[in-house]
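A.B. asks: Coordinates for the following, if possible.
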Amino acid sequence: MKKVTKATIAAVAAGALLLGGAGTVALWQSTDTVDAGQIDTGHLNLTLGTDGQWSDISDAAAPEPITNVSDFKLVPGDTVKFTQTASIAAAGKNLQGALKVGTLDAIPASLAGQVTVTVDADASAAGLVKSGNVISFADEGNYDVPVSITVGFAEGTTGSTPSSTMDQSVDLSNLSLTLDQVRP
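C.D. replies: Model prediction:
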């Protein structure tokens with residue numbers, strides 16, 4: 001065979017291979033769409049209710065609202081309380097959560113031993129459980145959690161409260177509430 005003939009046969013064979021590999025002839029095929037609907041994500045939200053309320057609870061039998069706390073001057077023997085409601089909205093079948101109430105390091109050295117600050121959260125609503133400073137829930141739903149800060153100035157005895165405790169500030173502006181999802 002001539003070299004030209006062999007080259008032509010080789011070129012045709014190579015072309016046929018290239019064309020055969022690049023395209024195929026489709027045989028029967030059928031396609032359908034699965035309608036699985038849609039699935040949405042849940043949510044875990046923490047919001048604070050309206051502005052909190054200060055009360056003078058020095059006389060537990062007759063607490064008095066404090067309309068403007070910046071005008072109230074704490075003196076030995078006074079106890080005041082701030083309350084505000086934290087609302088939890090939890091939606092999701094397997095959603096569980098924990099609300100952690102932070103602590104306040106608000107007492108200046110000049111008031112140490114004279115003024116106490118306690119932070120508390122009420123977990124008495126159905127579905128809530130309290131352990132230390134953490135309030136947990138095991139089911140989705142809406143929960144209202146009253147949170148309070150109580151400031152007490154020890155009464156002492158005549159002349160026992162040092163003058164260095166006068167005209168001092170207790171900064172209560174940084175109480176943190178943290179709501180986390182937890183998995184069992």
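A.B. asks: Sticking with residue 87, tell me its helix or strand.
C.D. replies: Taking DSSP states H and E as the criterion, residue 87 maps to strand 79-91.
A.B. asks: Quick check: which helices or strands does the next helix or strand after that strand pack against?
C.D. replies: Downstream of strand 79-91, the first helix or strand assigned by DSSP H and E is strand 96-101. On a contact count with 3 or more Cβ pairs under 8 Å, 6 or more residues apart in numbering; DSSP states H and E, strand 96-101 meets strand 79-91, strand 115-121, strand 134-137, strand 177-182. Where you see a C-beta, it was placed from the backbone N, CA and C, and this is true even at glycine.
A.B. asks: okay, the angle between strand 96-101 and strand 177-182?
C.D. replies: In terms of direction (axes from the mean of the first three to the mean of the last three Cα atoms, to 10 degrees), strand 96-101 departs from strand 177-182 by 160 degrees.
A.B. asks: Report the buried residues of strand 96-101.
C.D. replies: Taking 16 or more other Cβ atoms under 10 Å as the neighbour-count basis, strand 96-101 is seen to contain the buried residues 96, 97, 99, 100, 101.
A.B. asks: Also stretch 41-59?
C.D. replies: When neighbours are counted by 16+ other Cβ under 10 Å, the buried residues of stretch 41-59 are found to be 44, 46, 52, 54, 55, 56, 57, 58.
A.B. asks: Pick the one among the residues you listed closest to residue 141.
C.D. replies: Proximity to residue 141 was ranked across those by Cβ to Cβ; first place goes to residue 44, at 11.4 Å.
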